[in-house]
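Enquirer: Mind folding the following:
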Amino acid sequence: MIKKSYSVRMSYEVSDSEKRQAEQALLYFQSADKLLMQASDHLNIMKTPFKDNPDMTPEDVMKARAVIRRFRDTSIDNFDEFKKAAFQCVNLMQTFATDTQTLKLIKSFIASIDELEVKVNKLSDLFNDLRAKDFAKNVVSNLEDVQKQCDEIDQIIDERIKSHIQKNILATSWVDSISNDLQMKIEQKTPLIIDLFNKRQDRLNSAVEERTTVGN
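Expert: Modelled structure (predicted):
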C-alpha cells in the first residue's frame with residue numbers, strides 16, 4: 001500500500017516501510033527532546049543558588065568546588081546523552097533526505113545542536129577558573145544562554161520536525177490522534193461528508209417514495 005503525502009513544496013510517495021521508519025523517528029525525536037529538557041532542567045541546580053547570591057565571593061565558590069565540578073561533569077554527560085539520541089534521529093531521517101523540506105529541517109536541527117555544543121563548551125570552560133572575580137555572574141549568564149538554546153531546539157523538534165513527520169510523511173491529522181487516544185476505529189471507506197450526504201439523500205428518497213405511495 002502506498003500513501004501519498006503533500007506539503008506546500010513537496011509531493012512524494014511513502015511506502016509502508018518508510019512509514020514505519022517515520023513512526024520510529026517520531027519516537028526517537030520525542031525521546032531526544034525529553035533528554036534535552038532534562039539536561040536543561042538540571043542546570044537549575046547550579047543556576048538558582050548563584051542567581052540568588054550574586055555577591056558570592058571566590059572563597060565561597062572554592063569551598064563548594066567539589067560539588068561544582070561534579071555538577072559540571074554531570075551536565076556535560078547529560079548533553080552528550082542528548083547528542084547521541086539526536087544522532088539516531090538524524091540517522092533515521094536519512095531515508096527522507098531527498099525531500100527538500102525534510103532536508104532543510106534536519107539541517108536546521110543539526111545547526112542548532114552545533115550551537116548548543118559551542119555554548120556548553122563555553123560554560124564548561126568557566127569552571128577552569130573558580131577563583132575568577134565574576135564567576136558567579138558569568139556562570140548564571142552562561143547557564144541561561146544554554147537553556148535558551150535548549151528551548152530553541154525543543155521548539156524546532158516540537159513545532160517543526162514532529163509536525164512535518166506527522167502531517168507530510170505520515171499524513172496524520174487530529175482525527176487520527178484523537179481516535180488513537182480513545183482507541184476508536186474510524187471508518188475510512190467513505191469520507192464523512194459524502195457519508196452524511198448519502199444518508200440525507202436516502203432520507204429524501206424515502207420521503208418521496210412515501211408520498212408516491214400515499215398518492216396512489
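Enquirer: Walk me through the domains of the chain.
Expert: Taking automatic domain parsing as the reference, the chain has its domains at 3-181, 186-216.
Enquirer: Which of these comes out lowest on mean pLDDT?
Expert: Ranked by mean pLDDT, the domains of the chain bottom out at domain 186-216, with a mean of 58.
Enquirer: re the thing from before, highest mean neighbour count out of the domains of the chain?
Expert: Comparing these by mean neighbour count (mean count of other C-beta atoms under 10 Å), domain 3-181 ranks first with a mean of 16. Every C-beta, even on glycine, is put in place using the N, C-alpha and C of the backbone.
Enquirer: where does residue 119 sit relative to residue 147, distance-wise?
Expert: 9 Å (C-beta to C-beta, to the nearest Å).
Enquirer: all strands of this structure, in order?
Expert: 3-6, 11-14 (DSSP state E).
Enquirer: Name all residues that make contact with residue 95.
Expert: Counting by C-beta atoms under 8 Å, 6 or more residues apart in numbering, residue 95 makes contact with 18, 21.
Enquirer: close enough to count as contact, residue 90 and residue 109?
Expert: Yes. Here residue 90 reaches residue 109: they are 7.1 Å apart, a contact under C-beta atoms under 8 Å.
Enquirer: correct me, but residue 79 touches residue 120?
Expert: Yes. Shown here, residue 79 and residue 120 form a contact pair, counting by C-beta under 8 Å, at 5.2 Å.
Enquirer: Might one say that residue 97 is in contact with residue 107?
Expert: No. Using C-beta under 8 Å, residue 97 is not in contact with residue 107, being 9.8 Å away.
Enquirer: can you pull out the helices in this protein?
Expert: 16-42, 44-52, 58-63, 65-92, 100-126, 135-155, 162-164, 174-181, 192-215 (DSSP state H).
Enquirer: Now do the first one: which elements does it pack against?
Expert: Read it as helix 16-42. If contacts are counted by 3 or more C-beta pairs under 8 Å, 6 or more residues apart in numbering; DSSP states H and E, helix 16-42 sits against helix 65-92, helix 135-155, helix 162-164.
Enquirer: Show me what the longest one packs onto, helices and strands only.
Expert: Okay, so that is helix 65-92. Packed against helix 65-92 by the contact rule (3+ C-beta pairs under 8 Å, 6+ apart) you find helix 16-42, helix 44-52, helix 100-126.
Enquirer: export these to TSV and tack on distance to residue 162?
Expert: Putting the helices and strands packed on helix 65-92 into TSV (distance: least, C-beta to C-beta, whole Å) gives the following:
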stretch	distance to residue 162
helix 16-42	6
helix 44-52	25
helix 100-126	10
